[in-house]
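Peer 1: Need coordinates for the following:
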Amino acid sequence: MKTIFHNFLNLFFPNLCVVCNSRLSEGEEHICTDCLLLLPKTNFHLQPDNRLEEFFAGRIPFEKIAAYAYFIKGGSIQQIIHELKYNRNPRIGQFIGRLCGEQIKGSDFISSVDLLVPIPLHPKREKQRGYNQSLEVCKGLSESIGIPVDQSTLIRKINNQSQTKNSRFDRWKNVEDIFSITDTDAFKDKHILLVDDVITTGSTLESAAKEILKSKDAKISIFAVGTAG
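Peer 2: This next block holds a predicted model:
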């Protein structure tokens, strides 16, 4: 009965691919198979000294850094992230997180990671959006790779303004000292995989990583869904 009702609804309100807007076939979720096959994956998790690691070199001590796919203006990852952040669709965050997890599962990139930690939103902004998009990605990642999520130790204590129109220097100043840790022992001797939706200037991730690294013998790796191409 439930399947019949679902099929009836889909007849008048079909599920559409968030990338190409075509009708999804049975078994497809959020993104059609054709668009999934065309996602511009980086494979950085298999490449030591990849472009992102070169980009962060000298800014923070880190173990490894990677992103799932290239974020190209007007491209598929931009459309997916827009759906996640602005169209009140947390489920696509979990879906793309599972895709990311399936790609990096079993690789050296996560072999020593103890905890997944999402970049937190300020409580005021999270209340406005209804969820933290990076946490939704973490949930999907955790489901695929079996590493637990810590969503309470790293917090955003300052509700900084949007970074969209800021210069690189202004972005760095805008996120300086905006994070804090509720319990330094939670990250003691732990390898943390810091997770965000998109890497642009990296200033937010840098600020968060510096706060985490105040914990004794903590280590940092970074992963994002997208990175500027």
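Peer 1: State the mean pLDDT of the biggest helix by length in the chain.
Peer 2: Ordering each helix of the chain by length in residues (DSSP state H) puts helix 90-104 first. Averaging pLDDT along helix 90-104 gives 97.
Peer 1: and what of stretch 43-51?
Peer 2: Mean pLDDT, stretch 43-51: 97.
Peer 1: next one: stretch 191-207
Peer 2: For stretch 191-207, mean pLDDT rounds to 96.
Peer 1: Also stretch 112-124?
Peer 2: In this model, stretch 112-124 carries a mean pLDDT of 97.
Peer 1: For that stretch, which outside residues touch it?
Peer 2: With contact meaning CB atoms under 8 Å, 6 or more residues apart in numbering, stretch 112-124 is reached by 63, 126, 129, 132, 134-135, 137-138, 141-142, 147-151, 153-160, 179, 187, 190-196, 204-205, 208, 212, 219, 221. C-betas here are computed from N, CA, C, even on glycine.
Peer 1: if you look at those residues, which of them are in helices?
Peer 2: Under the assignment DSSP H, the contacts of stretch 112-124 contribute 126, 129, 134, 135, 137, 138, 141, 142, 204, 205, 208, 212 to helices.
Peer 1: that older thread, kindly give a single ChimeraX line that selects the buried subset of the contacts of stretch 112-124.
Peer 2: Selection of the buried residues among the contacts of stretch 112-124 in ChimeraX, burial being defined by 16 or more other CB atoms under 10 Å:
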select :126,132,134,135,137,138,141,142,147,149,150,151,153,154,155,156,160,179,187,190,191,192,193,194,195,196,204,205,208,212,219,221
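Peer 1: hang on, the earlier thing: roughly how far is the helix or strand following the longest helix of the chain from the heart of the chain?
Peer 2: Per DSSP states H and E, the first helix or strand lying C-terminal to helix 90-104 is strand 115-118. Its chain's average C-alpha position is 10 Å from that of strand 115-118, according to CA atoms, centre = their mean, to the nearest Å.
Peer 1: Please verify my assumption that residue 155 contacts residue 179.
Peer 2: Yes: the criterion here is CB atoms under 8 Å, and residue 155 meets it with residue 179 at 6.9 Å.
Peer 1: which of the ones in helices among the contacts of stretch 112-124 sit farthest apart?
Peer 2: Spanning the widest gap among these are 129 and 212, at 23.3 Å by CB to CB.
Peer 1: ok, back up a step: list the helices and strands the longest helix of the chain packs on?
Peer 2: strand 65-71, helix 76-86, helix 133-145, strand 219-228 (3 or more CB pairs under 8 Å, 6 or more residues apart in numbering; DSSP states H and E).
Peer 1: can I get those in CSV with distance to residue 96 and mean pLDDT?
Peer 2: Below are the helices and strands packed on helix 90-104 laid out as CSV (distance: least, CB to CB, whole Å; pLDDT from 0 to 100):
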stretch, distance to residue 96, mean pLDDT
strand 65-71, 8, 98
helix 76-86, 6, 95
helix 133-145, 6, 98
strand 219-228, 6, 97
